[in-house]
Each structure stands twice: as C-alpha cells, then as structure tokens.
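J.: what follows is a predicted protein model with its sequence.
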Amino acid sequence: MRKFLAILVCKLGRWVGRLIGKGSSMPGQAALKICPDILSRVTLPAHIIAVTGSNGKTSTVEMIAAILRANDKTVVYNEEGSNQIEGVATMVLTHSNFSGTVKADVLLIESDERYAAHSFRYFHPTEFVITNLYRDQLTRNGHPEWVYNALKPAIYPETLLVLNADDPLSSCFAIGHEKVKWFGMDEIPGDTHAPSGAYRDGAYCPVCKAPMEYDYFHYNHIGAYRCTGCGHQKPKTDYTATDVDLDSGRLTIDGDVSVQLAFRSIYNVYNILAAYAACRECGVESAAIAGVINNYILKNGRMQRFTLGAHRGTLLTSKHENSIAYDTNLRYIASSQAPCAVLVVVDAISRKYFTSETSWLWDIDFDRLNFPHVREIFLAGRYANDLAVRFSFTGIPGEKWKSRIFPDIREACAALAEHGDEELYVVTCFSDRDKVLSQVQKEAM
Amino acid sequence: MDIRIVHFYPDLMSLYGSYANVSLLRRHLEDLGCAVRVDAVRPGQDAELSDADFLFMGAGTERSQQAAARDFARFGPAVKSAAADGTAMLFAGTAMELLGRSVTAADGTQFDGIGLADFTSVQGSRRYTGDVYGFTELYAPAAVGYINKCAVISGVETPLLTSLNMGFGNERECGPEGYHAGSVFASELTGPLLVKNPLMLAAVLSAVYARRGQPLPAELPSYPYEEQGYAITAQQLKLRSESKH
Ligand SMILES: [Zn+2]
C-alpha cells in the first residue's frame, strides 16, 4: 500500500512539477519519505547502467542513450541530470506502472560520484561505467582519493565494472573485483613521454605510493602507467582506440570500427569509448554503434557559437574547480591555428554554493595559451585579480593580458566588441556562461 | 642575499595548488634582490637543512601524507634544530599534522609526527570544508582561506589564527587555527595561502630576513593583483561571516 502511495505521490508530484515548470527531485523526495526503501520494491529492467566519474559522465550517458534507442531498445534515464537518490527515485517511479514495474530494456543513470553509494543501496547496477577520477570540485569533494573511498561502497560483486584502463586511480576499483571490462587508448600521435600539466597526480602509485613510470601520457596523468613498487599498471584493454588522428578527426576502435569525430578532442574519444564499451556489453553490434556515433552531435551545448563586435566567438564551457576540463579547452585553443583572442571568466566559483576558494586556478596549465596565434587574453569576473596573479606565473608575455583585466564582465565584453576581429574563445563555467552570453549575439546551434 | 628554499615532496604533497606558496615567496625574494635556489626533496632523497633559509611542505591526500610521514621521519631532528635556529618554515594543509606528536588515521592506525610541536591529530570520516575568515596576532587585517581536512587537531597552544569568524579551526567551528611559534608557520588553510594573504607572506619574508640578521627593506615593491585579489576575497568573506551571525 505504501508502495502504491509512494508511486502515486511521485507521479502526481511530477505532473504538478511539469505544470509549474519545477524541480525534478522533489517528487522522488516525497516518495522516499512515504516509503524509504521504495527503490528495492520496484521491478527494474534487465540492464541497469550507471555512469559516474569526474569528467564526461553527461556526454557518455547521452551517447549511450542515443545508441541504445537507435537500436530499438527502450531507455529510461535522468535526462535532467538530477543525479542524487531523490532524482533517481523520481525517474524510476514516474516511469513505472502502479505495480512498480519499469517497462524498459535499460535503466540508465548518471550518478554523482559522492552519492552513488546512497543511490545504489536499494538496487545495484548491472553495468557500472566509471569514466575517470581526478581533481574536481575539491571544495565539496575533498580530493580524488576521498571520492574513491566514497564511491567504493556503491560497487557490488555482481556488477560488471566498465573502467578506464588509462586512469591510475579509477582503475583501482578492479582490485579484488572479478567482473571488469576495460576501455582505453593505445599510444597515439600527440602523446608525450614526459608529464604535462601544473601538477603530477601520476607521479606516485595510488595503491602503494611508490613512484610510477609511464610509457606514454595521453593527457595530464592519463596514459600507460606502471608502479615500480606493487606492479599496479595499465591493464590490457577489452575495448581499445587503436588509431586516433585528432587532426583529421578519425578514430578506430578495436582495429576495425571507424568513427568520424564530431568534436575533435581526446576527451570526446574517451566518452565514445566508454559508451561503446557499455553498449557492447548490452549486446549492441559494433557496426551499429559506429553508425550512431558517426551521426551523433553533442546535445549538451558545451560549445556555443556567437558574434561579439567583429569577433566570431566560441564559448568553451569548462567546469570551475576542474583543472583538467580547463586544460582540455586550453589544449583545443592551442591546437587552433588562426589568430585568436581568449576571454577567461571566473565570477561565481560555484553555481550552488558561495565560496571564494580559488586554489584550483593554480592547477590549470594556462601556459598552454603561450602561443603566438593567441594574440590577447582578457581576464574577467570577480576573481579577475586572482586570475592575473596566476597568469603572472606563466610564460605568457604581459603585454597580451596585463591591460585587459576586468572585474566587470560587461566591461570586458564591451572592450572586446570595440576592438579586434580575431576568433574569440571564451573559457568559463556553467555558473558564469550566461553572464557572457547575455552580452553577445548567439548563433543557432 | 643567496637564499635556499627546500621544498619537501612537491609531487606527493601537492594538492590545492600548494606549490604556489614557493613560487610566490621566490618571486618576492628575487624582487628584493635575492638569488633564490629551490631544492625539491622527493622520498628517499637526501637534503641538507642546516643552511636552508626556508622549508616548505604542502597538502596531500591522507594516504600521501602517510607516505610523506614515513620518509619525513628521518628529517625530524634536522627540522627541529632548524626551527630552534630560527629557520623560517611553512607546513600547509595535511603537512601541518606531521609537525605534531602523532597522527591517527580514520581506520585507527597511528603514526608519528616529528614532534616539533606538542599537538596530536585525529582523522575521521567527516570532512571539514569551507571558507575561513579569521585573525592572527601577526597583523590587524583579516586572514582568509579555505579549510579542506578531515583531522581534529588538539593541543595547539600557539595557533597561527587566534580567532575565526567563519570556518573550522584546529578542533572546532570558529576555534583557533594552525600553529605558529617563532619562525615556524603551520596551517590547514589549503593551497596558496601566502598568495591569498599578502601580509602572511610579509611575515614569512620577515622571518627569512631575520634569521640572516637583516631587516626587511622599508620600501617593498607593490603587487596590485595580489593586494586587490585579497581585498575582494576579504570583503566577500566578511560579508558572509556577518550574515551568518
Ligand atoms: Zn604501487
């Protein structure tokens, strides 16, 4: 009876919520109040795929959903990205019938890495994709090993782990776990043999803290690692990017599946690999997956085109407090050849929480902008001075940025509108992007 | 002046941009005309501390901290005699805990600090995170920063920040934070705390000069980005600490 009531309340709440255009986790929250173990009393699809990690989870989940749906599987997933237990409950109950059966082939869940243990107490994923674990939102997450410890209880013996072989930390989830499939990348052009980045989280083994050696680095500390102490190392991969050419945007998986990249970033390659592995494990043929990926355009708008004065601009959405997301966008700008200007905005550090914590600026490798084609750099937002201190420790010539520091974002945009006609790249976070987009003419996506 | 900085475990103890403390101190010393050498010490490497002008260790994960502690034990006597000799040093984040008598990990295992100071640290499964707005006896304006730790530190008699309006101190909310005695500075304020606090940097610079028997030059170069960055953060945190009461 309580189960029926909880489902009813959730469905009603969802209906009301839709009418007034509000919240995706409230109905589930109400249902959990009525019946706290409701999630263990429902009948779930045969495949429950969970995706978590510091970077790429939304893109990976969207790609998995697109592939499965194109292959005639019904998929229920939290498209609104409400990824704590209340959001998961809302999604499950609104898609179940009144006896509590979710009629779908796959339940797909993007899960917050810190709350997964809570969300998966009442039911366990059949496939658990972990994209990576590294420095991300440390104000809330503490540090990557703290997140690892928080995620560990969400992993049950019957779950198949789909893990990134190239990440020394998240690969540790395989220790003592039987069912594991690995995705990863062979050595590719553009790899380095020396580490890059402002810090070296690959210097020491996450298992025993002995020094690690690398055969190659794909980016930051992601690559082929080998511990000199305990032997923790990049495992043999089950799903492998065997040929990656970022210049032409071509990718080959397992030596025979060719994919054309819509977005030529190494990041995107990992998201594709993770989605490919998860879908193969759900029984989708490789050619069918490639067909979808080839026609796939990222939905979540991390890149927005616009004009500002005589500039044509691209907004590259990063995440504040996530240095690797920043590094990726800086790498993208570095690889562009045409003369350009760059606007970096740090105004509100978090969307949800107030904080003045700016330590993460020191983890970003801003020296990646030290190229002749990057003509000028504008630093804007409340923490523009903190950005300026950080930039004063790069090799970037001062004349490119020192007279372009604007605590007021509108003034930075006005200055850009009046001056110059180069390509413009804006690097900022979801929390600050609209402050820039309100000052420009957006192009249709 | 020739200045030698010893940076312990720059890769192992490197969370929250800890390294920026060394970068900034180095720049300010160079701007004062000093020739600065920074020697990194990695686990297993030897280091001579008796002629060092500044010792630094930054924040690490709890497991990195344990690895650092295993190696750092052999430097205990040398660090203590350097402190007694007036050598300036900063231990930031979890490195602070290594100066005390012992650290108890969340699983209950205990390991020794070097015992330079008489405090103990007990780590748990709760993490204390949040902005900090507080005061020190070294200067009048506020100190700012961020706490990100899982340890409660007991037995500090001479804290670096004597009162907090906001943030978790050594052992309680708004309690005193860090450790300071003579030329020894320690704080769980994470990351580039000397960048965030220009006056704290000046205090460390004075300590470096004092050990060499020299006063800081009366005219110091100005650093507008650092000063304005501090001013904005201090203003933001002051507003918020007032709205909390
Ligand atoms: Zn190892």
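T.: Cool, the structure landed.
J.: mind listing what's buried along the longest strand anywhere in chain B?
T.: Longest strand in chain B by number of residues, with DSSP state E as the criterion: strand B:120-136. Neighbour-count burial for strand B:120-136, counted by 16 or more other CB atoms under 10 Å in any protein chain shown, picks out B:120-123, B:127-136. C-betas here are computed from N, CA, C, even on glycine.
J.: ditto for stretch A:74-89
T.: A:75-79, A:82-89.
J.: and these, which of them are in helices?
T.: A:85, A:86, A:87, A:88, A:89 (DSSP state H).
J.: for the ion, what's its nearest residue on chain B.
T.: Using CB to the ion, the point where chain B gets nearest to the ion is residue B:67, with a distance of 10.6 Å.
J.: and for the residue nearest to that residue when sequence neighbours are not counted, the neighbour number?
T.: Among residues not flanking residue B:67 along the chain, residue A:209 sits closest, at 3.7 Å (CB to CB, 6 or more residues apart in numbering or on different chains). Using other CB atoms under 10 Å in any protein chain shown, the number of residues around residue A:209 comes to 24.
J.: so what's residue A:209 up against?
T.: For residue A:209, the contact set (CB atoms under 8 Å, 6 or more residues apart in numbering or on different chains) comprises A:229, B:12, B:63, B:64, B:66, B:67.
J.: drop anything exposed from the residues you listed.
T.: Restricting the contacts of residue A:209 to buried positions leaves B:12, B:63, B:64, B:66, B:67, with burial counted as 16+ other CB under 10 Å.
J.: need the contact list for the third one.
T.: The contact partners of residue B:64, by CB under 8 Å, 6+ apart, come to A:145, A:204, A:209, B:12, B:13, B:94.
J.: shouldn't it be within a strand?
T.: No: secondary structure of residue B:64 (DSSP: H, G, I helix; E, B strand; the rest coil): helix, not part of a strand.
J.: of the ones in helices among the buried residues of stretch A:74-89, closest to chain B?
T.: Distances from chain B to those, taken as CB to the nearest CB, are shortest for residue A:85 (19.3 Å).
J.: for the closest residue to residue A:340 other than its chain neighbours, give me its contacts.
T.: Using CB to CB, 6+ apart and skipping the chain neighbours, the partner closest in space to residue A:340 is residue A:423 (4.1 Å). The contact partners of residue A:423, taken as CB under 8 Å, 6+ apart, are A:311, A:312, A:313, A:314, A:336, A:338, A:339, A:340, A:341.
J.: circling back: can I get the contacts of residue A:209 in CSV including distance to residue A:410 and pLDDT?
T.: Shown next, in CSV, are those (distance: CB to CB, whole Å; pLDDT from 0 to 100):
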residue, distance to residue A:410, pLDDT
A:229, 54, 97
B:12, 43, 98
B:63, 46, 97
B:64, 43, 98
B:66, 49, 98
B:67, 48, 98
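J.: name the nearest of the residues you listed relative to residue B:144.
T.: When these are ranked by distance to residue B:144 (CB to CB), residue B:64 comes first, at 25.6 Å.
J.: and the nearest residue to residue A:360 once chain neighbours are set aside, how far from the ion?
T.: In this structure, residue A:360 finds its nearest non-sequential neighbour in residue A:321, 4.7 Å apart by CB to CB, 6+ apart. As judged by CB to the ion, to the nearest Å, residue A:321 and the ion stand 28 Å apart.
J.: count the residues that sit near residue A:321.
T.: By other CB under 10 Å, the residues close to residue A:321 number 24.
J.: again with the one 10 residues further on
T.: A count of nearby residues for residue A:331, using other CB under 10 Å, gives 18.
J.: and it, what's its pLDDT?
T.: The per-residue pLDDT reported for residue A:331 equals 91.
J.: stretch A:250-261: end-to-end distance?
T.: With CA to CA, to the nearest Å as the measure, stretch A:250-261 spans 6 Å from end to end.
J.: buried residues in that stretch?
T.: A:251, A:252, A:253, A:257, A:259, A:261.
J.: same deal with stretch B:230-237?
T.: Across stretch B:230-237, burial judged by 16+ other CB under 10 Å covers B:230, B:232, B:233, B:234, B:236, B:237.
J.: what sits closest to residue B:43 if chain neighbours are left out?
T.: Closest to residue B:43 by CB to CB, 6+ apart is residue B:71, at 4.1 Å.
J.: how distant is the strand or helix carrying the one you found from the center of its chain?
T.: Residue B:71 is part of helix B:62-72, with elements assigned from DSSP states H and E. Centre-to-centre, helix B:62-72 and its host chain are 17 Å apart (CA atoms, centre = their mean, to the nearest Å).
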